[in-house]
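A.B. asks: Test case, fold it:
(chains A, B and C)
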Amino acid sequence: MHSLVDAAVFVPALPLGGFLVLLLAGRRLGDPWAGWLATGATTGGFAAAVVTYAALLSHGGDHRSFTQTLFTWLPVGGLRVNASLLIDPLSVTMALFVTGVGALIHLYSIGYMRGDPDFPKYFLYLNLFAFSMLALVLGDSLLVTFLGWEGVGTCSYLLISFWFERERPPAAGKKAFVTNRVGDFGFLLAMFLVFGSLGTLRYTEVFAHAGQLSRGTVTAITLLLFLGAVGKSAQIPLYIWLPDAMEGPTPVSALIHAATMVTAGVYLMARVSPLLSRAPDTTTTIAVIGVATALIAATIACAQDDIKKVLAYSTISQLGYMFLAVGAGAYAAAVFHMVTHAFFKALLFLGAGSVIHGLHDEQDMKRMGGLRRWMPVTAATFIVGWLAIAGVPPFAGFWSKDAILLNAYDKSPVLWALGLVTALLTAYYMSRQVHLVFFGRERWREADRHDAGGAGAEPHEAPWTMLVALVTLALLSVAGGALNLPFTPKLKVLEHWLHPVFGPTLREVSVGSGLEVGLALGSAAVALLGVALGLAAWRGRVERPALEPEVLRRAWYVDEAVSALVAGPGTEAAEVLADKVDAGTIDGAVNGLAALVRGAGTRLRRVQTGYVRNYALGVACGAVLLLAYAVVRAG
Amino acid sequence: MTVSAGWYLTLSAVLFTIGAVGLLVRRNVLVMFMCVELMLNAANLAFVTFARQLDDIGGQSAVFFVLVVAAAEVVVGLGIIVAIFRRRAGATADDLNLLKG
Amino acid sequence: MPAALAPVLAATAVDTGVFVVAAAVILSGAVGVVTGRNPVHCALSLVLTLFGVAVLFVAQDAQFLAAVQVIVYAGAIVVLFLFVIMLIGVDREEDVRAEPLRGQRPAAIAVGVLGLAELLGLARFHHWVTGTPSGAGAASGPGSNVEKLARSVFTRYLLPFEITSALLVIAVVGAVVLARRPQPGPGGGDGAEANEANGAGEAAEAEAEPASR
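C.D. replies: Numbering: from 1, shown residues only, chains lettered A, B, ... in the order given. Presented below is the predicted three-dimensional model:
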């Protein structure tokens, strides 16, 4: 071990080890020790990431990129894929927050999943997910990243349909899986294209030779990669799986479908930033799709009743922000928002999980209310998350969102304006949610009265493992902004840290400092306006149909449209295949053969007369023919 | 040895043909059996003729074995016929068509 | 046949006359077998043919075979036929005129004529005989026919000879199995019939065995 950077191998190795131990002995460990083992493994991964980070800090700014080859994975012809880790500021940042947030959510899950019959299996999947996610971010080639990419997809599928005995989770898992496949298809094609034109899949080599690629090839590669990112990160048009993915356990929603996995697309875009900087068409596409997703998802979030659905659409919206940043060339801002979003969205999801837990699996916000007195810690931390995501200064969300809006303004004022509208909507729907859940009348009492068979118990605060995670994330949501404060280059810690990775590709923001401050004040004002609107509109009210139009409640009818446009013809095509092609052609061929044999048999049957003299005649005829042959032959 | 082998062979061929035609036209299984014996005798006659013509005792040895086989065949064949007639008295070969397709 | 008679038979006229008479007997017997309505008549015609063939065996210096022909065929096998005819009562007449299978008779005659023509053509116009001796020994020369045949059978054809013993054993077993009633019926008449059938098989075996050995 020539450097402490080599500790990076332990980052994915520890969750993998936890996975293997749970695979072999998970049942025996049981509840809660399996959970503690998994939490320990992920925490160990976090510690290893911290060590790696420290080791990286000790190197000079521009020499902070290491490749650690573990073994040769695929030696095939000219392709030689090593299982190697690429350790640079970007991957270490990702590894840090994946393991850090992951460890907190593991801890939270111990309390949340207590008593579940499949408790060990849950942590088994969770550790496998952590390993896959770390392989994704630490992989040094597109193929290793793809391995992790598929791994997190699989874990996502497994965890969404974790309660497979219920009706909806398996369907949601399938939807997520199938939708992601569309994106994976793009990723695969991009890899083929890269290998076909450069003969390598390693990031460093690809970027070094990126100049050889024609502009069209680069655009195609990046667009295909973006297709993969669209699938994984739930952007238009492949976002429809994420709201359904809320059928999984809430900590899974927090970890996979808010903090880590869905940001893999953003990470991938940031990783290939040297290619993106050569493909302006792609970045424009990314920016447009990102801001459109952000806006549309925010409008849908305004009219949802399910506490987790609101957060799901909010996640899609925030991911759209990140892609807007990527499209604007502000990779550092994207990563910044990714990190802060991981903090506050995980916090919000875990808070929602705590509420659901406390109310015995009630998810309808219209049947909550007044919970702040019953769940003070949850309420306090949730409010922190709310202020953070709404972009109220000085919480983390304000700084990262402001950075994105600044870069968007620099790219195009239209993008900035749309982003600002989204920010307003975000503040509004989050205020609506907080008010419906934690303030107002205690409607869950009425609900209990209506449901004779309801739980009837008072809401209760979550166990301490859950609260530890909530409080930690709340603190991070408050202070996360300090990672990258604006206005002066000295305070831009994150940007500086990531500079070796993005340095050559970052766009210089050509906005004057006065305008910069103005924009920041503007976004803060918009955030406060949104909060005020949300609180005012929902004070003392539960139903406001005017503010919850059916079109938004039904999410712009996108699911219905997809069903009609894709699923309908698909089902019809399958029916045609089944009824016409299979029944007609394939079965027809088989039946035809059978009929042919049977027909031939029916006709040949007559030869078998059963009369021995007929057979003797046949023998005699054969003898005569043989003799005739002899005569001809001899003659 | 004035009668040439050709006449013997001709006689053998005619005898064989009569036996074969008889096998094909008769319905009584016992008579059909006799026709088989006719054909066997035709073959024997040809064997002996060739043995004389080629001055080779092997032809007569073959006849010897044919006789043994014929004896065994008659034993089994008549056993079958007896077994059949025990169940269906007066059956002809045409009545035994259970194996038709 | 005593070797002393050979010069007499070698006389041309006698030789030809024997052949012609024997051929006439053979063919008339064969036609009688094929056309006879009564199976008993057919069996007697068969004796005629077998006897004619035995005569021609003698005419071709196959004295042992002629003797066996008469003893086994004319003696044992035909008797066995007659025995079975009487036993199972099929000595009724068969309508030779009628032919239930359509086209069988013309086809049979056509096949017969064609086959005969081909056989005769082959015999007349082609020389299939290679002349390669079988290695069994000469048919002519010093020594009796029985001695030469015995030498051939017990040296050159020893293995086939031994196999014929197995064949005969199998035939005996087969005959017993076939003639045996699967389940002895309660009726006494059937049992007697089965015993008779058994006896027939044994009789055939008893006749065939000494003849072949």
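A.B. asks: In three-state terms, label residue A:81 for me.
C.D. replies: What DSSP: H, G, I helix; E, B strand; the rest coil gives for residue A:81 is strand.
A.B. asks: Beta-bridge partners for it, please?
C.D. replies: Beta bridges link residue A:81 to residue A:74 when assigned by DSSP bridges.
A.B. asks: need the contact list for it.
C.D. replies: By C-beta atoms under 8 Å, 6 or more residues apart in numbering or on different chains, residue A:81 lies in contact with A:72, A:73, A:74, A:75, A:141, A:143, A:144, A:201. C-betas here are computed from N, CA, C, even on glycine.
A.B. asks: one more time with 6 Å
C.D. replies: Contact criterion C-beta atoms under 6 Å, 6 or more residues apart in numbering or on different chains gives A:73, A:74, A:143 as the residues in contact with residue A:81.
A.B. asks: burial count for residue A:561?
C.D. replies: By the measure other C-beta atoms under 10 Å in any protein chain shown, the count of residues near residue A:561 is 12.
A.B. asks: Does it lie in a helix or a strand, and which?
C.D. replies: Take DSSP states H and E as the rule and residue A:561 turns out to sit in helix A:558-562.
A.B. asks: Touching that helix from outside, list them.
C.D. replies: Contact with helix A:558-562 is made by residue A:240, as judged by C-beta under 6 Å, 6+ apart.
A.B. asks: can you give me how far that helix is from the chain middle?
C.D. replies: Taking C-alpha atoms, centre = their mean, to the nearest Å, one finds helix A:558-562 lying 20 Å from the centre of the chain it belongs to.
A.B. asks: buried residues in it?
C.D. replies: Neighbour counts using 16 or more other C-beta atoms under 10 Å in any protein chain shown place residue A:558 of helix A:558-562 among the buried residues.
A.B. asks: worst-scoring helix or strand of chain B, pLDDT-wise?
C.D. replies: None of the helices or strands of chain B scores lower by mean pLDDT, DSSP states H and E than helix B:58-87, at a mean of 89.
A.B. asks: So which elements touch that helix?
C.D. replies: Contact partners of helix B:58-87 among helices and strands, from 3 or more C-beta pairs under 6 Å, 6 or more residues apart in numbering or on different chains; DSSP states H and E: helix B:29-54, helix C:63-68, helix C:158-179, helix C:188-212.
A.B. asks: got the angle for that helix vs helix B:29-54?
C.D. replies: 180 degrees (axes from the mean of the first three to the mean of the last three C-alpha atoms, to 10 degrees).
A.B. asks: which bits of chain B sit near chain A?
C.D. replies: Residues of chain B found near chain A, taking C-beta under 6 Å from any C-beta of the partner chain as the criterion, are B:20, B:23, B:24, B:93, B:94, B:97, B:99, B:100, B:101.
A.B. asks: so which of these comes closest to residue A:552?
C.D. replies: Sorting the residues of chain B next to chain A by how near they are to residue A:552, with C-beta to C-beta, puts residue B:101 at the top with 75.4 Å.
A.B. asks: any idea of the pLDDT on the closest one?
C.D. replies: If you check residue B:101, the pLDDT there is 68.
A.B. asks: quick one: residue B:33 from residue C:74, how far?
C.D. replies: Residue B:33 is 15 Å from residue C:74, where distance means C-beta to C-beta, to the nearest Å.
A.B. asks: let me fix that: residue C:16
C.D. replies: The separation that residue C:16 has from residue C:74, given C-beta to C-beta, amounts to 25 Å.
A.B. asks: who's more crowded, the two?
C.D. replies: Per other C-beta under 10 Å, whichever of residue C:16 and residue C:74 has more neighbours is residue C:74, with 18 against 13.
A.B. asks: Quick one: residues contacting that one.
C.D. replies: Contact analysis of residue C:74 by C-beta under 6 Å, 6+ apart lists C:47, C:50, C:51.
A.B. asks: switch the cut-off to 8 Å
C.D. replies: If a contact means C-beta under 8 Å, 6+ apart, then residue C:74 has C:47, C:50, C:51, C:54 as its contacts.
A.B. asks: Please apply the same query to residue A:72.
C.D. replies: With C-beta under 8 Å, 6+ apart as the criterion, the residues that contact residue A:72 are A:80, A:81, A:82, A:83.
A.B. asks: Now render the residues you listed as CSV, adding pLDDT.
C.D. replies: Putting the contacts of residue A:72 into CSV (pLDDT from 0 to 100) gives the following:
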residue, pLDDT
A:80, 79
A:81, 82
A:82, 85
A:83, 86
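A.B. asks: Check the residue nearest the centre of chain C and give its pLDDT.
C.D. replies: Centroid-nearest residue in chain C, with C-alpha atoms, centre = their mean: residue C:73, separated by 5.1 Å. We have a pLDDT of 86 for residue C:73.
A.B. asks: which SSE is the nearest residue to residue A:463 once chain neighbours are set aside in?
C.D. replies: Taking C-beta to C-beta, 6 or more residues apart in numbering or on different chains, and ignoring the residues beside it in sequence, residue A:463 has residue A:111 as its nearest neighbour in space, at 4.0 Å. Residue A:111 is part of helix A:89-112, with elements assigned from DSSP H and E.
A.B. asks: Next, the angle helix A:89-112 makes with the following helix or strand past that helix.
C.D. replies: Per DSSP H and E, the first helix or strand lying C-terminal to helix A:89-112 is helix A:119-138. Between helix A:119-138 and helix A:89-112, the angle formed by their directions is 170 degrees, by the same axes, to 10 degrees.
A.B. asks: centre of the chain versus the helix or strand that helix A:119-138 is followed by, how much separation?
C.D. replies: Using DSSP H and E, the next helix or strand after helix A:119-138 towards the C-terminus is helix A:142-160. For helix A:142-160, the distance between its averaged C-alpha position and the chain's averaged C-alpha position is 9 Å (C-alpha atoms, centre = their mean).
A.B. asks: And helix A:142-160, what does it pack against?
C.D. replies: With contacts defined as 3 or more C-beta pairs under 8 Å, 6 or more residues apart in numbering or on different chains; DSSP states H and E, helix A:142-160 has these neighbours: strand A:66-76, strand A:79-87, helix A:119-138, helix A:168-198, helix A:215-232, helix A:264-271.
A.B. asks: and of these, who's closest to residue A:313?
C.D. replies: Ranking the helices and strands packed on helix A:142-160 by their distance to residue A:313 (criterion: C-beta to C-beta) puts helix A:168-198 first, at 15.0 Å.
A.B. asks: List the buried residues in that closest one.
C.D. replies: Residues A:169-170, A:172-173, A:175-177, A:179-180, A:183-184, A:186-191, A:193-195, A:197-198 are the ones in helix A:168-198 that count as buried (16+ other C-beta under 10 Å).
A.B. asks: Okay, buried residues for the next helix or strand after that helix please.
C.D. replies: For helix A:168-198, the following helix or strand on the C-terminal side (DSSP H and E) is helix A:203-208. Of all the residues in helix A:203-208, those buried under the rule 16+ other C-beta under 10 Å are A:203, A:206, A:207.
A.B. asks: rewinding a little: report the mean confidence score over the very next helix or strand once past the helix holding residue A:561.
C.D. replies: Sequence-wise, the next helix or strand beyond helix A:558-562 is helix A:568-576, with elements assigned using DSSP H and E. Confidence for helix A:568-576, expressed as mean pLDDT, is 86.
A.B. asks: With only the CA atoms kept, save helix A:568-576 in CSV.
C.D. replies: As requested, C-alpha coordinates have been extracted for helix A:568-576 and formatted as CSV (Å, rounded to 0.1, in the frame of the first residue of the first chain):
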residue,chain,number,x,y,z
GLY,A,568,-52.1,-0.1,-25.6
PRO,A,569,-50.3,-0.8,-28.9
GLY,A,570,-47.9,-3.0,-27.1
THR,A,571,-50.7,-5.1,-25.7
GLU,A,572,-52.4,-5.1,-29.1
ALA,A,573,-49.1,-6.1,-30.8
ALA,A,574,-48.7,-8.9,-28.2
GLU,A,575,-52.2,-10.0,-28.9
VAL,A,576,-51.6,-10.0,-32.6
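A.B. asks: Distance from the chain centre to whichever helix or strand comes after that helix, please.
C.D. replies: Next in sequence after helix A:568-576, counting helices and strands by DSSP H and E, comes helix A:587-604. In terms of C-alpha atoms, centre = their mean, the gap separating the centre of helix A:587-604 from the centre of its chain is 54 Å.
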